[in-house]
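[1] 3D, please:
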Amino acid sequence: MNETNNPGFLEIFLSQLPIFLIFLVVYYFFIRPNSKKQEEVKNLQSNLQKGDKVITIGGIHGKIIEVKDKTAVLKISNESELTIEKTAINQKIS
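    Alright, predicted model coming up:
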């Protein structure tokens, strides 16, 4: 009889299993939460309204006094207004 040492499907699958498990762990703990966070920020930026209190990426706190197509005007203090891109807004303050 001529016996060959060709690995079977199960042996190949089991040898590749750790690589697939590592990929699943990286996806589940790193990629998926990051994409959810980006989606939440994108929804926040598209639903901005006059009167919302927000924080920009640079840490500037302000109140929206005007919303345009791609920009928003923030009131930072009694006499200071700042026009910023909507994409620079990071979070809304309740």
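[2] so how far is Leu74 from the residue positioned nearest the centre of the chain?
    Taking CA atoms, centre = their mean, the centroid of the chain lies closest to Gln38, which sits 2.0 Å from it. Per CB to CB, to the nearest Å, Gln38 is found 22 Å from Leu74. No exception for glycine: its C-beta is placed from N, CA and C like everyone else's.
[3] What of Leu48?
    10 Å.
[4] Need the residues touching each of these two.
    Counting by CB atoms under 8 Å, 6 or more residues apart in numbering, the contacts common to Leu48 and Leu74 are 54, 64.
[5] What strand or helix carries the residue nearest to the centre of the chain?
    helix 32-46 (DSSP states H and E).
[6] Just the buried positions in that helix, please.
    For helix 32-46, burial by neighbour count (16 or more other CB atoms under 10 Å) applies to 44-45.
[7] Give me the contact list for that helix.
    With contact meaning CB under 8 Å, 6+ apart, helix 32-46 is reached by 86-87, 89-92.
[8] Are any of those buried, and if so which?
    Buried members of the contacts of helix 32-46, counted by 16+ other CB under 10 Å: 86, 89.
[9] can I get the contacts of helix 32-46 in CSV with distance to Glu66, secondary structure and pLDDT?
    Output for the contacts of helix 32-46, formatted as CSV (distance: CB to CB, whole Å; DSSP: H, G, I helix; E, B strand; the rest coil; pLDDT from 0 to 100):
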residue, distance to Glu66, secondary structure, pLDDT
Lys86, 12, helix, 95
Thr87, 17, helix, 94
Ile89, 13, strand, 94
Asn90, 19, strand, 92
Gln91, 19, strand, 92
Lys92, 16, strand, 94
